[in-house]
Structures are given as structure tokens and as C-alpha cells.
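Peer 1: Fold the following and give me the result.
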Amino acid sequence: MNSFLNTSSKIKFFGHIPDGTAVKSCDLTNKNGMHLNVITFGATITSLKIPLKNGNFIDVVLGFDTLEAYLNSFNINSAPYFGATVGRFAGRINNSTFRLNGKSIDLNNNNNGHSLHGGNIGFSQKQWEIKNVNEGENPSITLSYFSPDGEENYPGDVSIDLTYTLSEENELIIEYVATTSEDTLINLTHHSYFNLDGHNSTILEQDLSINSNKILETNEHTIPTGQFLNLENNPFNFNQAKKCPQKIDTTFVLNGDEKIAASLFSPKNNLEMLVYTNQPAVHIYVGGNCNNEIKGKENTDYHNLSGICFETQNFPDAPNHDHFPDSVLRKDEVYQHKTRYKFQEIK
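Peer 2: Next up is the predicted model:
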């Protein structure tokens, strides 16, 4: 065990997963008072509290108070993946199969015959290890996970380091670095549901903008057809900010390196969140309804409009479309993904 686990009061016990492994909770706070809580189960963000100029704090992500609730959430009809790290492959893979180096690989299916968010037990339900914690300026935590060859039928031993940083500019910075022992697929994302009015509110009055001119066309199972839809005269055109939609589960194509992918603004408290990424897409999802089966933080009843996801990632089903960005990680390469969520009050 690393010595800092014994000396840092910011790392606490959060519960036991069924095999008896202890889950840890870690708190980070920057000099402005921005506060992040992460648990080692799923490398999950449980809370993100943003300080306002009036002295108040807003917890802008949905989540649960107990480990039991996180565990149980994966047993309901449509798991919400609150705050979780998703992998090996975010989104859906058609018919749970793909070809790699001339070989057909069949994955475990968990969504209408397709593979979703890494399969039956993806990275969001794994125990991650705390590798390092840095306090002081730009505090950060690095968590690691080793995914063995054959996990969910994916090839290759994959080693992942995930770092969460709170910058002094009130950014939540998420950085993933991964390597593999043999060629494999990888597409990681973060699955927090954001609400700038607080996790116990609704997103309907918040303004959404997305820096995209086209989306992926999908079939009835939300599987990409391989075609793109131009957003001109499309109701999902958010190049100009407008109110959050009541229902959306759509991949928006981005251009350029680490540009502003999207933004969310609350006219209620003048808080804005800007999303930057080096990934080719952002998948926007409104949902996460627990169907009154599980209570959220502070005994909150979450509903379909409680939060909105900004899943920065590669295209879903990328390995089955040659013209989509390559999702193969070669054994001599390094996967690097960086996303920033910047929070600021607008006067």
C-alpha cells in the first residue's frame, strides 16, 4: 500500500464490493474552493462542487451517497453510469462483433444483442487503484486499472492511467493514457450527468451549444449506419445556443484539436461550463432515469431531465466503419485522451 494512503486524511473508506475489496473515496479541493470527490469503484466522480461569488456552492453532477447504490444501479433496466469511467469501448458496437487484423472477434453483448460501454462488466464496474495524489496547486489524483487479455473478449493486456486535475482556473481536467500488449480497441469516456443548477434540479432552462455541423445517423438501436446528417435546418443544430432538449442520445462530429466541443449555461446562476477535448466526437445524452428504484444523493428522485452527459470520445461502432476515425490501439502505440470541463460565472 502506498504510504500516502496512511497519511492523507483526504482518502477515506467508502465501502466493500462483493469480493471484499475496500473501495476508497478521495477529496480534492483547489485554492478557489472547487471540490471533487472520486471513488475507486469505476474511477467514479460522485460530486463536483463549484464555488459561486455569492459564497454558495453547487454540486453540478448526479450521483449516489453510498457504494451500495452505485452497485445496484447496474442492475436496473437501463444503468445510468453516473460519473463513471467507461471502457474498453464507449458507446455501442454493432452485433457485438468486429474484425481486427483479419480475425473476427465476438464481444459479450449487453444491449439488444449489441455491446454497450464495454460489455457486461466494463471499466465502470471495476476496482481502480490509487496511484498518486498531488495536493496544493492544481491538485490531482491518478488512478490505474489493468485490463487482462480476454476481458469481455477484448484482446490484449491493457494498462490505463486516469488523472483527474482541478486547475486553478476552475477546470476539471481528465487525462487518459493507455498501452496494450497486443493490438486492441480502445475508446474511453467520462459519464457524469451535469446540471448547473444543482443535481436536484432540471436542465430544461439551461442553454446548450455544440460546436458541430453534423451528427451520426443511427438506426432504431442507436447503432451508426455509417452516414452523416447535416445539421442545417435540423432540430439538433446547437451551433447557436438554445434550451436543452427533453430527449437526445446523439453523437456530434467535432473538428480540430482540443477546441470547444460544447457549452452549457445556467441563466439562473450565470454559471457556464465549457467542454474542450482532443477527441473527434461528443456524445450528448439526456436521461439517467432510475425509475424511482434508487435514490440519488440527498434522497433525490432523479428523473429524465435531471442531467445531461457530454461524452467526449471516438465514434460509436468505429471498428465496423472504415471511414470512421481509427479506434485500434497498436501494441507499440500510446492512447492519449484529454478533456477539460471549465466552469466560470458570467457577469
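
Peer 1: Report the contact partners of the residue nearest the centre of the chain.
Peer 2: Using Cα atoms, centre = their mean, the residue of the chain that lies closest to the mean C-alpha position is His190, 1.3 Å off. Each residue near His190 by Cβ atoms under 8 Å, 6 or more residues apart in numbering is listed here: Ile45, Gly83, Ala84, Thr85, Val86, Ile174, Glu311, Thr312, Thr339. Using the backbone N, CA and C atoms, a C-beta is placed for each residue, glycine as well.

Peer 1: ok, 6 Å please
Peer 2: By Cβ atoms under 6 Å, 6 or more residues apart in numbering, the residues touching His190 are Ile174.

Peer 1: what do you get for Asn219?
Peer 2: Taking Cβ under 6 Å, 6+ apart, we find Asn219 in contact with Thr225.

Peer 1: if I look at it, how far off is His117?
Peer 2: As judged by Cβ to Cβ, to the nearest Å, Asn219 and His117 stand 18 Å apart.

Peer 1: what pairs with the residue nearest to the centre of the chain across the strands?
Peer 2: Applying DSSP bridges to His190 gives these bridge partners: Thr85.

Peer 1: Tell me how far it lies from Lys49.
Peer 2: Using Cβ to Cβ, one obtains 17 Å as the distance from His190 to Lys49.

Peer 1: next one: Ile215
Peer 2: 32 Å.

Peer 1: give me the low-pLDDT residue ranges for the stretch 1-150 of the chain?
Peer 2: 1-9 (pLDDT under 70).

Peer 1: thinking again about what came up before, now do the residue nearest to the centre of the chain, the pLDDT please.
Peer 2: Here, the pLDDT recorded for His190 equals 98.

Peer 1: From Gly113, how far off is it?
Peer 2: Going from His190 to Gly113 by Cβ to Cβ gives 26 Å.

Peer 1: Same check on Asn77?
Peer 2: Relative to Gly113, and taking Cβ to Cβ, Asn77 is found at 16 Å.

Peer 1: count of neighbours near the residue nearest to Ser181 when sequence neighbours are not counted?
Peer 2: Computed as Cβ to Cβ, 6 or more residues apart in numbering, the closest residue to Ser181 that is not its neighbour in sequence is Asp157, at 4.1 Å. Asp157 is flanked by 16 other residues according to other Cβ atoms under 10 Å.

Peer 1: So Asp157 versus Asn239, what's the distance?
Peer 2: Noted for Asp157: a distance of 42 Å to Asn239, by Cβ to Cβ.

Peer 1: Next: Cys290.
Peer 2: In terms of Cβ to Cβ, Cys290 sits 32 Å off from Asn239.

Peer 1: what about these two, which has more around it?
Peer 2: In this view Cys290 and Asn239 are compared by other Cβ under 10 Å, and Cys290 has more residues nearby, 24 against 12.

Peer 1: Now the more buried one: closest residue in space, sequence neighbours ignored.
Peer 2: Distances taken as Cβ to Cβ, 6+ apart place Tyr302 nearest to Cys290, at 5.3 Å, with adjacent residues excluded.

Peer 1: CA atoms only for the top helix by length along the chain, dumped as PDB, please.
Peer 2: Longest helix in the chain, counting residues (DSSP state H): helix 67-73. Extracted C-alpha coordinates of helix 67-73, given in PDB (Å, rounded to 0.1, in the frame of the first residue of the first chain):
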ATOM      1  CA  LEU A  67     -21.500   2.300  -2.700                       C
ATOM      2  CA  GLU A  68     -24.500   0.000  -2.500                       C
ATOM      3  CA  ALA A  69     -26.500   2.400  -4.600                       C
ATOM      4  CA  TYR A  70     -23.700   2.500  -7.200                       C
ATOM      5  CA  LEU A  71     -23.600  -1.300  -7.300                       C
ATOM      6  CA  ASN A  72     -27.400  -1.600  -7.500                       C
ATOM      7  CA  SER A  73     -27.600   1.000 -10.300                       C
END
